[in-house]
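> Provided below are the primary sequence and the corresponding predicted coordinates.
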Amino acid sequence: MGGLAFCGRDTAEVVRQGQGIWQETGRRMPEADRRGLLIMEKIAVRDSGLGSELLLSVKQDPSFGAVLVLGLGGLLTEWYGKFSGGASTVVLQPGSVHDG
């Protein structure tokens, strides 16, 4: 939906890319409830072993509302999800942690 961009560390470039994301997502999904942008710095990893890539996402869950998704990323994301069968899921809510 045009909601992802990569850019350097120049402030003007970050702002320009953010504005582009905002405009493009609004054009593609005018009915979307857009409330802000998540801007993150890409950090170089030392090796490419297990756990060297991270998945970080926000999704809207019908039961919990906004949920932060954090886990193994890259090529291992889908494999690990199938392997674990969801047994390793932990749901975090303000003030509490529940094992899934």
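Great, that's in hand. Numbering: from 1, shown residues only.
> rest of the way, CA atoms for contacts and neighbours
Will do.
> Could you list the buried residues of the longest helix along the chain?
With DSSP state H setting the assignment, residue counts place helix 11-28 as the longest helix in the chain. Along helix 11-28, these residues count as buried under the neighbour rule (16 or more other Cα atoms under 10 Å): 14, 17-18, 20-22, 25-26.
> packing partners for whatever helix or strand comes next after that helix?
Following helix 11-28 in sequence order, the next helix or strand is strand 54-61 (DSSP states H and E). With contacts defined as 3 or more Cα pairs under 8 Å, 6 or more residues apart in numbering; DSSP states H and E, strand 54-61 has these neighbours: strand 65-72.
> quick revisit: contacts for the longest helix of the chain?
Helix 11-28 is touched from outside by 1-8, 32, 37, with contacts defined as Cα atoms under 8 Å, 6 or more residues apart in numbering.
> Break the chain down into its domains, please.
1-42, 43-100 (automatic domain parsing).
> which of those domains has the lowest average pLDDT?
Ranked by mean pLDDT, these bottom out at domain 43-100, with a mean of 67.
> picking up where we left off before, please convert the buried residues of helix 11-28 to a markdown table, extending it with distance to residue 60.
Shown next, in a markdown table, are the buried residues of helix 11-28 (distance: Cα to Cα, whole Å):
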| residue | distance to residue 60 |
| --- | --- |
| 14 | 25 |
| 17 | 24 |
| 18 | 21 |
| 20 | 23 |
| 21 | 19 |
| 22 | 18 |
| 25 | 17 |
| 26 | 18 |
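> from those, which is closest to residue 43?
Nearest to residue 43 out of the buried residues of helix 11-28 is residue 14 (Cα to Cα; 15.9 Å).
> So the closest one versus residue 53, what's the distance?
Distance, residue 14 to residue 53, using Cα to Cα, to the nearest Å: 23 Å.
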